[in-house]
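In: Sequence and predicted model, in that order:
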Amino acid sequence: MSLVVNNLQCIRGEKELFSGLSFVLTNKQLMRIEGQNGTGKTTLLRTLCGLSQADDGEVLWHNLTIKKQDEVFRNELFYLGHHNAIKADLSALENLQINTALAGASYSEEQLLQALEDIGLFGSEYKSSAQLSQGQKRRVALAGLLLTNAKLWILDEPFVALDGFAVKKLQDVIASHVENDGTVILTTHQEVPLTQGKILTINLDQSNNKPNRSDND
Amino acid sequence: MSEFFSMGGFGVFIWSAMGVAMILMILEVFSLIMKRRVLIKQIKRNNRLNQRQRKNQA
Amino acid sequence: MKINWFKYSAPMSFYPLAGKLIPLFWIAAIVCIAGGLYWGFFKTADVLNDQKQYYRIIYVHVASAWMAMWLYAVMVFWAMLGLIFNTRLSYMLASATAITGTVMTVIALATGAIWGKTSWGTYWDWDPKLTSFLILLFVYIGYIALQSAIDDKRRSDKASALLALVGLALVPIIYYAVNCPDPTECASLHQESSLKRVESNILIGMLVTTLGFWMYSFATTLMRARIIILERERSTTWVSKLAEITNSERKH
Amino acid sequence: MTSAFWIILKRDLLLALRRRSEIFTVLFFFVVVISLFPLGVGTEEAVLKKIAPGVVWIAALLASTLALDRLFSADYEDGTLEKIVLAPSFLSISVLAKILAHWLLTGLPLVLISPLVGLFYHLPINTILVMMLVLLIGTPVLSMLGAIAAALTLGLRGGGVLVSLLVLPLYIPVLVYGAGAISTSMMQGVSIEPYILLLLAFSLLAMVFSPWVTAVALKISIE
């Protein structure tokens, strides 16, 4: 099980975000993507998911390009973007239930409630999400991580808006996923200590500051 | 001559049809030429700015 | 001679090639339009006597109407090529074609209205042909509006290309609907091909003018494509090395 | 595979139930438009009977486009759309669920309230029934074609107006045959069957192609 990135290039507008990006990520590995704002961290994550199209290069999962194996790949992928996918008109529990069901798994109400309690939302399960704070909404989205069977986690700034308790909890969850043969790719300024496994880092800053894009398509 | 232009009484219609077509086509070409001119001026200005910046940095 | 088509699918190679072709298309356009109209006005006196003089509108009307429809097909062709091969030049050509197509549709509608005043006594009639062209105009305008509403060029190219394809799929249905508002009568209504009834003398003028309009469309489309290329590639080195960019401003 | 369909359908209906005002806004818009016409063109019975088929369809087209803007944009803004795209099921199936929910919330209420038009415009009973039937067949086409335009204009400034501009010309066949069927039903001894069959054909064609095209458009738009 591995994620292979070959010679990836992304251009947005007239700016080349990155090019010639290659790496291999296997189980028990965590990759941190660093870079200043606007260097293409989110674009890279979205390209790895298949939400965005690369201008050049390819992303392989199980030695097959992700375009060709949509279903298998998406079953093994957990993606958390900037937005939490939380509906204000639904309760925390309903949101979690719908989001996990969309990802293809159904859980009993006890399991869902337990996940919400574990992430520190005890007492807010039935509250309308409109009443939840930004950090609490993020927790609802992250509660999905406690339940999912996905192998590959792609998390865009997962620690944003979380307080100390939730940060600690999330660090533990990520560490134990890596320990259990999982793979994690994330963008963050937060250290993630691992008890087992390996941390890789990519910095997108160097590939920036190119005045001109190459001439050939 | 005037007989030719009157076109048996249909002159107004015929010449206005020709006129409309011609005006629209000329307008299209004119706007293309103007757009290109403005664009080239912009690119030149940008390039000059870039060159100056590079000199200042050096 | 083997031509490397992939080479010309890159904007950098296409730009100078188009620059060389544009004057040729202009010459062809002017010669054909002038020739066609000359024929139409001076060589058809035997067919078009005083009561039928208004018929001369048809040279411009038919030429622009055919081009309006043909350019839509051309636009869809480039859009489809873009969606299949993801070549940027195809998208650029599709959007360059759209505006000339719109101009042709407007000319066809305007001259059609004037034609209508002379032959039916009213500028506008909800006749199927005029209505279809009005809808064609709406479709062109929708395409252009969508394209200009999206700032991100990649998205704007793909989204408008998809819209052009959807339009192509629906145009026959819309055309059928405006032609046969009553489906039971439509089966019996059999329109004779209008081309066959046209005198060959007039047909020559019509065809030559149409050819001229076609050449005109080539010229304006290429001009617009060059502008789009310059706009999008303005920060590349090849654009900054172009003769028109490097030469100094003219001194007065 | 089908589970995503039911999840999305149930969720959209639940959301609408929690925020009922949105359904009623569309419905009242429809009622307001049809009651403005008699005030504008006069209240003569013969005139009203003549224009009723066109009026009801144009009001339905406008009401349907009014709600299109929100079809995908709410999911787009809060990130749910990314979840739907990345869900391990066919995107076109999920899209079909969204379209069906949209029709149940905006199309079906119009069908149910349309007898009111009959009342306002002095239509005979059998014409009212025909009107309900053609609206029932025709309004899904509006939702399905509208979904394509809504997906293409996702997240754009002024998207609502643009959607109408893109989609209204595409609605013409439904308008022509939908209104044609209602007019014909007021004539003696003319069958409305050809109209109904054509509308059914449009409905089926749209159902086959629209979810697929909309899915492609969504993928382009969220990139």
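Out: Alright, I've got the coordinates.
In: Check which helices and strands the strand or helix carrying residue D:132 sits against.
Out: Assessed by DSSP states H and E, residue D:132 sits inside helix D:125-152. The contact analysis (3 or more Cβ pairs under 8 Å, 6 or more residues apart in numbering or on different chains; DSSP states H and E) places helix D:125-152 against helix C:153-179, helix D:45-77, helix D:91-102, helix D:108-113, helix D:115-120, helix D:159-167, helix D:172-185, helix D:193-222. The way it works is simple: take the backbone N, C-alpha and C, and place the C-beta from them, glycine included.
In: which residues sit against the helix or strand that the longest one is followed by?
Out: Right, the one you point to is helix D:45-77. As assigned by DSSP H and E, the chain's next helix or strand after helix D:45-77 is helix D:80-86. Under the contact criterion Cβ atoms under 8 Å, 6 or more residues apart in numbering or on different chains, helix D:80-86 has outside partners A:49-51, A:74, A:77, A:79, A:81, A:83, A:85, A:87, A:99, A:102-103, D:4, D:8, D:72, D:74-75, D:91, D:94, D:218-219, D:222.
In: which residues in chain A form helices?
Out: Per DSSP state H, chain A carries helices over the ranges A:41-49, A:70-75, A:92-102, A:109-118, A:134-147, A:164-179.
In: Export those helices as JSON lines, with columns for mean neighbour count, mean pLDDT and distance to residue D:53.
Out: What follows is the helices of chain A, written out as JSON lines (neighbours: other Cβ atoms under 10 Å in any protein chain shown; pLDDT from 0 to 100; distance: least, Cβ to Cβ, whole Å):
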{"stretch": "helix A:41-49", "mean neighbour count": "23", "mean pLDDT": "90", "distance to residue D:53": "48"}
{"stretch": "helix A:70-75", "mean neighbour count": "17", "mean pLDDT": "80", "distance to residue D:53": "45"}
{"stretch": "helix A:92-102", "mean neighbour count": "23", "mean pLDDT": "90", "distance to residue D:53": "42"}
{"stretch": "helix A:109-118", "mean neighbour count": "17", "mean pLDDT": "88", "distance to residue D:53": "51"}
{"stretch": "helix A:134-147", "mean neighbour count": "21", "mean pLDDT": "88", "distance to residue D:53": "49"}
{"stretch": "helix A:164-179", "mean neighbour count": "17", "mean pLDDT": "88", "distance to residue D:53": "60"}
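In: okay if I get these as TSV plus distance to chain D?
Out: Formatted as TSV, the helices of chain A follow (distance: least, Cβ to the nearest Cβ, whole Å):
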stretch	distance to chain D
helix A:41-49	6
helix A:70-75	4
helix A:92-102	5
helix A:109-118	14
helix A:134-147	8
helix A:164-179	18
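In: Any idea which of those gets closest to chain B?
Out: When those are compared by Cβ to the nearest Cβ, helix A:41-49 sits nearest chain B, at 25.1 Å.
In: Extract the C-alpha trace of the closest one and format it as CSV.
Out: Output of helix A:41-49 as CSV, limited to C-alpha atoms (Å, rounded to 0.1, in the frame of the first residue of the first chain):
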residue,chain,number,x,y,z
LYS,A,41,-0.4,23.5,0.1
THR,A,42,-4.2,23.2,-0.3
THR,A,43,-3.9,22.8,-4.0
LEU,A,44,-1.4,20.0,-3.5
LEU,A,45,-3.7,18.2,-1.0
ARG,A,46,-6.7,18.6,-3.3
THR,A,47,-4.7,17.3,-6.2
LEU,A,48,-3.7,14.2,-4.2
CYS,A,49,-7.4,13.6,-3.5
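In: follow-up on the earlier one: ok, which of the helices of chain A comes nearest chain C?
Out: Among these, helix A:41-49 comes nearest to chain C, with 11.8 Å by Cβ to the nearest Cβ.
In: which helices and strands does the closest one pack with?
Out: strand A:2-12, strand A:15-26, strand A:29-34, strand A:77-80, strand A:152-156, strand A:183-187.
In: one more time with 10 Å
Out: For helix A:41-49, the contact count by 3 or more Cβ pairs under 10 Å, 6 or more residues apart in numbering or on different chains; DSSP states H and E identifies strand A:2-12, strand A:15-26, strand A:29-34, strand A:56-61, strand A:77-80, strand A:152-156, strand A:183-187, helix D:80-86 as packing neighbours.
In: could the ones you listed be laid out in JSON lines, adding distance to residue C:162 and mean pLDDT?
Out: Output for the helices and strands packed on helix A:41-49, formatted as JSON lines (distance: least, Cβ to Cβ, whole Å; pLDDT from 0 to 100):
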{"stretch": "strand A:2-12", "distance to residue C:162": "20", "mean pLDDT": "86"}
{"stretch": "strand A:15-26", "distance to residue C:162": "25", "mean pLDDT": "85"}
{"stretch": "strand A:29-34", "distance to residue C:162": "32", "mean pLDDT": "88"}
{"stretch": "strand A:56-61", "distance to residue C:162": "23", "mean pLDDT": "87"}
{"stretch": "strand A:77-80", "distance to residue C:162": "25", "mean pLDDT": "90"}
{"stretch": "strand A:152-156", "distance to residue C:162": "27", "mean pLDDT": "91"}
{"stretch": "strand A:183-187", "distance to residue C:162": "31", "mean pLDDT": "90"}
{"stretch": "helix D:80-86", "distance to residue C:162": "16", "mean pLDDT": "91"}
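In: Which of those sits closest to residue B:51?
Out: Shortest distance between residue B:51 and those, using Cβ to Cβ, is found for strand A:15-26: 19.9 Å.
In: related to what we said a few turns ago, so can I have CSV of the helices and strands packed on helix D:125-152 showing mean pLDDT and distance to chain A?
Out: Shown next, in CSV, are the helices and strands packed on helix D:125-152 (pLDDT from 0 to 100; distance: least, Cβ to the nearest Cβ, whole Å):
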stretch, mean pLDDT, distance to chain A
helix C:153-179, 90, 7
helix D:45-77, 92, 7
helix D:91-102, 94, 8
helix D:108-113, 94, 19
helix D:115-120, 91, 29
helix D:159-167, 89, 18
helix D:172-185, 93, 32
helix D:193-222, 93, 6
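In: now these as CSV including distance to chain B?
Out: Formatted as CSV, those follow (distance: least, Cβ to the nearest Cβ, whole Å):
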stretch, distance to chain B
helix C:153-179, 15
helix D:45-77, 31
helix D:91-102, 39
helix D:108-113, 42
helix D:115-120, 42
helix D:159-167, 22
helix D:172-185, 26
helix D:193-222, 27
